[in-house]
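# need a structure here:
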Amino acid sequence: MEQMDEAYRNRAATILQALYATKYAKEDNVPCQIEQGLFLGSIGVAHNKDILKRFNVTHILIVAKSLEPAFPNDFVYKKIEVLDSPDTNLEQHFDECFNFIDEAKRMGGSVLVHCFAGKSRSVTIIVAYLMKKHRMSISQALDLVRSKRPQAAPNYGFMLQLLKFEKSLRGQRQDEFCGRYNHLWICGCCKWYNQSSVGKGWSSVITLSSWNSIQHKFYSDFPFGPACMEFH
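Now for the predicted structure:
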């Protein structure tokens with residue numbers, strides 16, 4: 001029975017991924033330029049070779065577990081295999097990602113950083129890069145990224161890691177999410193919690209103090225399990 005359930009989840013996840021990939025290929029296939037030589041996007045951008053060439057993209061950083069290089073003979077790739085889960089330690093990969101971005105720039109090229117939706121994992125890497133490279137605060141870096149890509153929304157765990165990173169860079173306090181990012185919305189299909197700058201669609205509002213009591217819901221109430229983490 002468990003094997004059948006696992007097979008069902010895998011098939012469903014594959015179908016769901018294909019549907020979302022098709023959606024992004026049609027609706028989100030142009031990269032957002034964050035600064036000279038640095039672009040952000042979704043899987044739709046990563047599969048648009050003509051656009052990538054037009055923007056002089058030479059390097060592609062994949063920040064996702066289930067995605068593979070679309071054009072391995074045309075671009076230099078690096079892959080960070082992580083889920084979009086608050087439990088994922090993305091901070092441990094910051095330096096290798098920064099080095100990859102800087103190497104692309106030193107070679108006179110440009111780098112695309114992407115995950116599946118271009119909202120959480122890839123955004124977290126770029127925000128952290130801006131914080132370190134340009135001595136930005138987390139607020140400044142997020143504001144810049146959102147001015148280019150309004151849907152940018154790192155998950156709650158990644159926001160905590162960015163705040164920790166900010167503290168290490170600037171010595172700022174991290175207590176109670178600094179009172180700046182303590183509102184979240186919940187994905188209606190999988191109960192996935194994510195920081196949001198707008199109230200539209202909120203089904204719950206919580207604070208850091210209640211985080212431990214609700215984090216178990218990440219993998220509940222959704223038949224596909226953690227696979228859904230790939231589609232935010």
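# Where does the prediction get shaky in the protein?
1-21, 24-25, 171-232 (pLDDT under 70).
# Break down the chain into its helices, ranges please.
Per DSSP state H, the chain carries helices over the ranges 2-27, 43-46, 49-54, 94-106, 121-134, 138-148, 156-170, 211-214.
# The third one packs against which elements?
Okay, so that is helix 49-54. Applying 3 or more C-beta pairs under 8 Å, 6 or more residues apart in numbering; DSSP states H and E, one finds that helix 49-54 contacts helix 43-46. For glycine as for every other residue, the C-beta is placed from the backbone atoms N, C-alpha and C.
# 10 Å instead, please
strand 38-41, helix 43-46, strand 57-63, strand 110-114 (3 or more C-beta pairs under 10 Å, 6 or more residues apart in numbering; DSSP states H and E).
# Please identify the buried residues of that helix?
51-52 (16 or more other C-beta atoms under 10 Å).
# Let's see it as PDB, backbone CA atoms only.
Taking Å, rounded to 0.1, in the frame of the first residue of the first chain, the C-alpha atoms of helix 49-54 are listed here in PDB:
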ATOM      1  CA  LYS A  49      17.600  29.700 -25.200                       C
ATOM      2  CA  ASP A  50      17.000  32.500 -27.600                       C
ATOM      3  CA  ILE A  51      16.200  34.900 -24.800                       C
ATOM      4  CA  LEU A  52      19.200  33.700 -22.700                       C
ATOM      5  CA  LYS A  53      21.500  34.300 -25.700                       C
ATOM      6  CA  ARG A  54      19.900  37.700 -26.300                       C
END
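# Rebuild the helices and strands packed on helix 49-54 as CSV, extending it with distance to Lys167 and mean neighbour count.
Shown next, in CSV, are the helices and strands packed on helix 49-54 (distance: least, C-beta to C-beta, whole Å; neighbours: other C-beta atoms under 10 Å):
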stretch, distance to Lys167, mean neighbour count
strand 38-41, 24, 26
helix 43-46, 32, 27
strand 57-63, 22, 24
strand 110-114, 23, 26
